[in-house]
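[1] Predicted model, plus sequence, below.
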Amino acid sequence: LRVSEATAELQEINALAEEMRRASSALLRQDVSSRSLLTGHLAAAMELLVWAVFCAWRSARARREEAPHIEVQNGAIEDGAGQDSHLASAAVLARREVASRSVVGTLLAKHLELLILGVFRTWCASIS
């Protein structure tokens, strides 16, 4: 009777061990697929961000080339013909646009930096 009880107990332990191996294997597959999905999403977001930065840069270059030439020296605005109030307002608008583009460029750069940091941290976590 003792041998049959031990055999039955051993079979139960083996069945539990097999069930744990299957569950562990399923969790490992889920982990790998989750990491793959996250990596793909981060790569797509990074690609979109880089594309947006280049589009903004191209737009800024095109606008800079289209803008009228205005020189500002010691607070005086000159365009070769003299000072005018519309040139002063154009200079203020030009400065405002430059400042706005600088802010947007800085925000995009910080976003890209954080995205790259997230990609590398995810990558490090996936290989460890």
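    Received the coordinates, thanks.
[2] Ramachandran angles for residue 53?
    phi -60, psi -40 (degrees, to the nearest 10).
[3] Would you mind measuring from it to residue 45?
    The gap separating residue 53 from residue 45 is 13 Å, by C-beta to C-beta, to the nearest Å. Glycine gets a C-beta too; all of them are placed from N, C-alpha and C.
[4] now do residue 56
    16 Å.
[5] Check residue 6 too.
    Residue 6 is 58 Å from residue 45, by C-beta to C-beta.
[6] Comparing those two, which residue is more hemmed in?
    Comparing residue 6 with residue 45 by neighbour count (other C-beta atoms under 10 Å), the higher total belongs to residue 45, at 15 against 10.
[7] looking only at pLDDT, what's the mean for whatever helix or strand residue 57 lives in?
    Secondary structure from DSSP states H and E places residue 57 in helix 2-66. Averaged over helix 2-66, pLDDT sits at 83.
[8] Over to stretch 114-128?
    Mean pLDDT, computed over stretch 114-128, is 80.
[9] mind listing what's buried in it?
    115, 119 (16 or more other C-beta atoms under 10 Å).
[10] roughly how far out does the helix or strand where residue 90 lies sit from the chain middle?
    Using DSSP H and E, residue 90 falls within helix 85-127. Taking the mean of its C-alpha atoms, helix 85-127 sits 13 Å from the chain's own mean (C-alpha atoms, centre = their mean, to the nearest Å).
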